[in-house]
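K.L.:
based on what follows, work out the 3D shape:
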Amino acid sequence: MQHTHDKPTSSRSPAASGDVAAQHRKVQREQDAKDRASPAKESAGKPMQAGHRPEPENPMPAQHLKKPGLEAEMDLQPRFKASGYVGSGKLNGMVALITGGDSGIGRAVALLYAREGADVAIVYLGAEQVDAEETKRCVEAEGRHCVLIPGDVRDPAFCNRAVKETVEAFGKLDILVNNAGFQLHAASIEDISDERLDLTLRTNVFGYFQMARAAVPHLREGGSIINTGSVTGLEGSAQLLDYSTTKGAIHAFTKSLASNLLDKGIRVNAVAPGPVWTPLNPADRPGEEVKDFGRQTDMKRPAQPEELSPAYVFLAAPCCASYITGIVLPVTGSVGAV
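P.N.:
Prediction:
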């Protein structure tokens with residue numbers, strides 16, 4: 001029997017290597033032609049707008065405020081009314097206590113909580129009375145009640161009293177939002193005195209811890225604590241050394257307390273904002289630097305408070321976030337900020 005031997009089959013693809021290279025060049029020529037026909041879009045590099053209406057863009061007003069900074073004195077008033085947000089009763093019958101609730105993010109959160117059916121107590125410094133009164137007016141315009149509680153969250157006795165007054169006014173407490181904060185830039189660690197370090201730590205860390213400690217005995221299953229962290233706590237900041245330190249601590253505190261309160265059915269989460277147009281920043285930087293505030297984000301503009309407040313509603317509402325605890329939610333205006 002005669003045997004025939006088949007020629008070995010090549011494992012290479014039918015196209016020779018030269019044909020592949022030619023195909024690469026052909027695809028390249030096609031893209032080159034498209035690039036020449038479509039020059040870079042003029043909009044490249046412009047601030048991103050993705051909401052129901054355009055938000056203010058840089059340059060921001062070159063204004064410097066005296067601490068603690070009043071929203072009423074800002075040349076460009078922060079947007080907090082969230083005109084495109086329609087309430088749907090997500091927080092009906094609930095009571096929220098918000099520190100730093102007189103202005104900025106705290107004011108925006110108070111307004112949306114009221115729009116969602118919650119009564120609100122506001123903690124603020126006495127020097128911010130004008131802003132606090134405006135926040136109260138806005139909450140009441142939503143058909144809810146608002147209690148104003150001036151004081152300093154660095155004082156544990158005041159934290160206990162703030163919770164007590166809230167419970168006495170409304171009969172219960174369902175949500176604590178830790179939002180009060182102190183921030184001031186420094187070029188060098190040598191510029192941060194013991195007094196200033198103590199002020200930042202006691203406001204941003206001790207205040208959060210003390211308010212949570214006072215609130216927990218009154219929170220029931222389904223209640224929640226929401227802490228305001230920061231992108232600086234995720235990424236650090238060369239000129240906000242003490243502030244960034246406290247925000248990193250807040251993120252760790254959030255996760256630790258979430259674990260601690262699991263058996264009580266109390267959720268604990270944080271929101272980590274990027275740059276937000278509030279009194280905190282014109283009271284931190286010289287006016288010339290404030291003009292470019294937020295330009296470094298991928299969206300190339302600062303957020304307005306109304307762009308942050310829905311995140312606080314989401315995390316507080318049992319109908320939205322009952323299976324979420326111990327997270328730090330970045331709302332930073334940039335890609336991949338975790």
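
K.L.:
which parts of the stretch 101-250 of the chain are strands?
P.N.:
For the stretch 101-250 of the chain, the strands defined by DSSP state E, counting those that start in this stretch cover 119-124, 146-150, 175-178, 224-228.

K.L.:
could you name the helices and strands sitting against the second one?
P.N.:
Which is strand 146-150. Judged by 3 or more C-beta pairs under 8 Å, 6 or more residues apart in numbering; DSSP states H and E, strand 146-150 is in contact with strand 119-124, helix 129-141, helix 156-170. Every residue, glycine included, has its C-beta placed from N, CA and C.

K.L.:
what's the closest of these to residue 30?
P.N.:
Relative to residue 30, the nearest member of the helices and strands packed on strand 146-150 by C-beta to C-beta is helix 129-141, separated by 56.7 Å.

K.L.:
ok, residues contacting that closest one?
P.N.:
Contact partners of helix 129-141, identified using C-beta atoms under 8 Å, 6 or more residues apart in numbering, comprise 70-72, 80-81, 101-103, 106-107, 110-111, 114, 120, 122, 124, 145-146, 148, 150, 279.

K.L.:
go with 10 Å
P.N.:
By C-beta atoms under 10 Å, 6 or more residues apart in numbering, the surrounding residues in contact with helix 129-141 are 68-73, 80-81, 98, 101-104, 106-111, 113-115, 118-120, 122-126, 128, 145-150, 279.

K.L.:
make a ChimeraX selection of the buried ones in the residues you listed.
P.N.:
In ChimeraX, a selection of the buried entries from the contacts of helix 129-141 looks like this (16 or more other C-beta atoms under 10 Å):
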select :68,69,70,71,80,81,98,101,102,103,104,106,107,108,109,110,111,113,114,115,118,119,120,122,123,124,125,128,146,147,148,149,150,279
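
K.L.:
isn't residue 316 right up against residue 266?
P.N.:
No: the pair residue 316 and residue 266 does not pass the contact test of C-beta atoms under 10 Å, sitting 11.8 Å apart.

K.L.:
okay, those two: which has more neighbours?
P.N.:
Applying other C-beta atoms under 10 Å to residue 316 and residue 266 shows that residue 316 carries more neighbours, namely 28 against 23.

K.L.:
which residue is the nearest non-sequential neighbour of that one?
P.N.:
Leaving aside its chain neighbours, residue 316 sits nearest to residue 175 (4.9 Å; criterion: C-beta to C-beta, 6 or more residues apart in numbering).

K.L.:
these two touch, right, that neighbour and residue 91?
P.N.:
Yes: using C-beta under 10 Å, residue 175 is in contact with residue 91, at 7.5 Å.

K.L.:
now for the two: what residues contact both?
P.N.:
In contact with both residue 175 and residue 91: 113, 118, 120, 316-317, using C-beta under 10 Å, 6+ apart.

K.L.:
a markdown table for these, including distance to residue 211 and pLDDT?
P.N.:
Supplementary listing: the shared contacts of residue 175 and residue 91 in a markdown table, determined by distance: C-beta to C-beta, whole Å; pLDDT from 0 to 100:
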| residue | distance to residue 211 | pLDDT |
| --- | --- | --- |
| 113 | 16 | 98 |
| 118 | 17 | 98 |
| 120 | 15 | 98 |
| 316 | 15 | 98 |
| 317 | 21 | 98 |
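
K.L.:
what about the spatially closest residue to residue 304 that is not a sequence neighbour, how many residues nearby?
P.N.:
The shortest distance from residue 304 to any non-neighbouring residue, by C-beta to C-beta, 6+ apart, is to residue 79 (4.0 Å). Other residues near residue 79 come to 18 when the count uses other C-beta under 10 Å.

K.L.:
three-state assignment of residue 79?
P.N.:
For residue 79, the assignment made with DSSP: H, G, I helix; E, B strand; the rest coil gives coil.
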